[in-house]
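**Q** I would like to see how this sequence folds:
(3 chains)
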Amino acid sequence: MKSEPHTSVYGHVSVTGRANIDLMDFAEDLYEVKLKTLENVAEYLGLGRPDDIEEHELREMKEKGDIDSIAEFSRRRVYLIREIGDKFIEYAVQLSQIVGLPLDHVASAAVGFRVEWFIIREALGRGELIPQRKEVSAETYVGGMVLSPRPGIHSNVAVLDFASMYPNIMVLNNISPDTYIPPDEEVPQEECNIAPEVGHRFRKEPPGLYKEILRKLLSARKEIKEALAKVEENSAEHKLLAAREKAIKVIANATYGYCGWIGARWYMKPVAEATAAWGRYTIGKAMEIARKMGLEIIYGDTDSIFVKYDTGKVNKLLEEIKRELSLDIKLERIFKRIIFTEAKKRYAGLLEDGTIDVVGLEFVRGDWPKVARDAQKKVIEIVLTEENVENGIRRAKEYVSDLISKMKAGEIPLKHYIIWKEITKSAEEYKARAPHVEVARIMREKGWRVQPGDKVGYVVVKGSGKLYQRSLPYFMVSVEDVDIEYYIENQVIPAVMRVLSPLGVKELGVATGGLADFF
DNA sequence: TCTAGGCATGGGTGCCTATATCT
DNA sequence: AGATATAGGCACCCATGCCT
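**A** Sure, this is the predicted structure:
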């Protein structure tokens, strides 16, 4: 960790910066914990939740000279940090073994460097020289293909996913920095794999560096998965294998991104560009095959397609895609019902086991206040589980109307109005004024240390002027100060309408409390 | 030094135009 | 009547955090 022990609520407590990423690699579902305070992470991992003591309270303790409470606070945190460490040590050890960086380095190394050190090791094994890092200017290229969804509510939708699409595409076409053929070099066409759209050429033989590395990783992962099935769950061996499998997956999946990263020793834009192009070609072909079979395509993103479910046709589709494209595709999940808005990368669906999956919408975004996120989640639950759509809409409207009354009556706690946003750079670097930047400034004036990577929690209060002129650190605000109208109009209503408008709802028909109520 | 691109969204910023107000 | 101030609408950009 980069700085002194820094136990702030506005920052990520002690799990700040790098440490966050390390945890997340292993426990992908930690992404669900939007505000990664030590307490939140510990609670999520089932380590129990200590009494909430926030940093501003700690400060008060210090001013009062209450050493005992500070000591108790610190003891609890040290204990939790140790417990969390225990949970992740196995993964770190595996990563260290695979990548070849010492344990203390691998923990703080960014993804790009983990991949790099792994490749360095493999290249040495092949007797290859390690290229020097070069200074190059950034050049973007076209990435994955995303389809516009068919808005509205659909029932029985199957999601088909290509398994590790980019790594497999790289293996299949021998895409690698050392197999790339520059445009001016003449090579017979039958000796080349030629990328669609972009036309980059790669030698079919001999196997390139990336192909060998990825083939190794992919087959190791497959073996471990098979071994895992035979080992008793919760056993030491199971934990070890699971950690190893995760570590391998992370490295394999990051290789595509790595080769398009300008900081990489093996940076080569055509490699990344060609991989993405083959990806678009692949998903396009899959859709074409689906259409020919008469399957209705609802949506798709990069390596997945959502189709109206039809058991026989879908099974045939999977076989046909595998045969034509030589890539593995799986039936990942089936949604009983799913809602799409007009927007890409946003939907909410009900799975067969009754769980609800929310993707991209406000509910999963940490920068929306709890009051709006909860409201959206509730509306999603109602409309997805209510068989009759009209009834669902009616119930959802009633729910929102009730919530708005509660908000106006001051029955919603202050915590639900806090908006958390990260400070990503120093104050001078910001070109536009924004509430969270202004709030960080206020905190600094009061003696708080707020630096890039910290999250600040603020609340919009009553008053006039721009939002950044009436946003305050949440601990300086009481619930009576909150601009309820702002939260109703700009947070709750947009969040719930996002879900309801694709169902044909034009307005909520609830009194929002503005002047309009009187006319 | 901190894998890639694609995307939605809210709010700020700056410009234009219509209207109000002043000289 | 002409000059200047102000408000509102619009397009665009900034910033964040999500998805695969």
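**Q** could you give the number of residues near A:Val400?
**A** By other Cβ atoms under 10 Å, 25 other residues sit near A:Val400. For glycine as for every other residue, the C-beta is placed from the backbone atoms N, C-alpha and C.
**Q** ok, then the element right after the one helix or strand in chain A whose mean pLDDT sits lowest?
**A** Ranking every helix and strand in chain A by mean pLDDT, DSSP states H and E puts helix A:18-26 at the bottom, with a mean of 47. Counting by DSSP states H and E, the next helix or strand C-terminal to helix A:18-26 is helix A:38-44.
**Q** show me what that next one is packed against.
**A** Applying 3 or more Cβ pairs under 8 Å, 6 or more residues apart in numbering; DSSP states H and E, one finds that helix A:38-44 contacts helix A:67-99.
**Q** just checking, what packs against the helix it packs on?
**A** helix A:18-26, helix A:38-44, helix A:55-64, helix A:103-108, helix A:111-125, helix A:236-259.
**Q** is DNA strand B within reach of it?
**A** No. Contact of helix A:67-99 with DNA strand B (Cβ under 7 Å from any atom of the strand) is absent, the minimum separation being 13.0 Å.
**Q** by how many degrees do that helix and helix A:236-259 diverge?
**A** With axes from the mean of the first three to the mean of the last three Cα atoms, to 10 degrees applied, the angle from helix A:67-99 to helix A:236-259 works out at 80 degrees.
**Q** next up, the contacts around the nearest residue to A:Leu129 once chain neighbours are set aside.
**A** Once flanking residues are discounted, A:Leu129 sits nearest to A:Ala123: 7.7 Å by Cβ to Cβ, 6 or more residues apart in numbering. Neighbouring residues of A:Ala123 by Cβ atoms under 8 Å, 6 or more residues apart in numbering: A:129-130, A:209.
**Q** with A:Gly143 instead?
**A** If you count contacts by Cβ under 8 Å, 6+ apart, A:Gly143 has them with A:276, A:302.
**Q** picking that back up, switch the helices and strands packed on helix A:67-99 over to CSV; also include distance to A:Met165.
**A** Shown next, in CSV, are the helices and strands packed on helix A:67-99 (distance: least, Cβ to Cβ, whole Å):
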stretch, distance to A:Met165
helix A:18-26, 20
helix A:38-44, 30
helix A:55-64, 44
helix A:103-108, 26
helix A:111-125, 18
helix A:236-259, 9
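**Q** closest to A:Ile84 out of the ones you listed?
**A** Comparison of those against A:Ile84 by Cβ to Cβ identifies helix A:38-44 as nearest, at 6.4 Å.
**Q** anything in the closest one near DNA strand C?
**A** No. For helix A:38-44 and DNA strand C, the contact criterion (Cβ under 7 Å from any atom of the strand) is not met; the two come no nearer than 13.0 Å.
**Q** could you pull out the buried residues of that helix?
**A** A:38-42 (16 or more other Cβ atoms under 10 Å).
**Q** A:Ser96 contacts A:Pro102, doesn't it?
**A** Yes. The criterion here is Cβ atoms under 8 Å, and A:Ser96 meets it with A:Pro102 at 6.6 Å.
**Q** the two - which one has more neighbours?
**A** Neighbours per residue (other Cβ under 10 Å) separate A:Ser96 from A:Pro102, with A:Ser96 holding more: 19 against 10.
**Q** burial of A:Ala274, as a residue count?
**A** 28.
**Q** show me what contacts it?
**A** For A:Ala274, the contact set (Cβ under 8 Å, 6+ apart) comprises A:173, A:175, A:195, A:198, A:200, A:202.
**Q** turn the residues you listed into JSON lines, columns for distance to DNA strand C, neighbour count and pLDDT.
**A** Output for these, formatted as JSON lines (distance: Cβ to the nearest atom of the strand, whole Å; neighbours: other Cβ atoms under 10 Å; pLDDT from 0 to 100):
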{"residue": "A:Asn173", "distance to DNA strand C": "19", "neighbour count": "21", "pLDDT": "98"}
{"residue": "A:Ile175", "distance to DNA strand C": "18", "neighbour count": "29", "pLDDT": "98"}
{"residue": "A:Ala195", "distance to DNA strand C": "19", "neighbour count": "22", "pLDDT": "98"}
{"residue": "A:Val198", "distance to DNA strand C": "18", "neighbour count": "16", "pLDDT": "97"}
{"residue": "A:His200", "distance to DNA strand C": "21", "neighbour count": "25", "pLDDT": "98"}
{"residue": "A:Phe202", "distance to DNA strand C": "22", "neighbour count": "26", "pLDDT": "98"}
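**Q** restricted to strands, list those.
**A** A:Phe202 (DSSP state E).
**Q** wait, doesn't A:Lys406 sit right on A:Pro413?
**A** No. Applying Cβ under 8 Å as the test, A:Lys406 and A:Pro413 come out as separate, 10.6 Å apart.
**Q** among the helices and strands packed on helix A:67-99, which is nearest A:Ile329?
**A** It is, among the helices and strands packed on helix A:67-99 and with distance given as Cβ to Cβ, helix A:236-259, at 16.8 Å.
**Q** tell me the SS of A:Lys336?
**A** strand (DSSP: H, G, I helix; E, B strand; the rest coil).
**Q** in the sheet, who's paired with the nearest residue to it once chain neighbours are set aside?
**A** Spatial nearest neighbour of A:Lys336, excluding adjacent residues (Cβ to Cβ, 6+ apart): A:Leu350 at 4.8 Å. A:Leu350 has the following beta-bridge partners by DSSP bridges: A:Arg337, A:Ile356.
**Q** so what's A:Leu350 up against?
**A** A:335-338, A:356, A:384-385.
**Q** also A:Asp357?
**A** A:333, A:335, A:348-349, A:351.
**Q** can you tell me which of the residues you listed comes closest to DNA strand B?
**A** Closest approach to DNA strand B among the contacts of A:Asp357 (Cβ to the nearest atom of the strand): A:Ala348, at 12.4 Å.
**Q** A strand includes that closest one, no?
**A** Yes. Under three-state DSSP, A:Ala348 sits within a strand.
**Q** looking at it, A:Ile493 is touching A:Glu507, isn't it?
**A** No. If you go by Cβ under 8 Å, A:Ile493 and A:Glu507 don't touch, sitting 9.2 Å apart.
**Q** which of those two has more neighbours?
**A** Set A:Ile493 next to A:Glu507 and count neighbours by other Cβ under 10 Å: A:Ile493 wins out with 20 against 10.
**Q** name the nearest residue to that one, sequence neighbours excluded.
**A** Distances taken as Cβ to Cβ, 6+ apart put A:Leu508 closest to A:Ile493, at 6.6 Å, once the chain neighbours are dropped.
**Q** thank you, goodbye.
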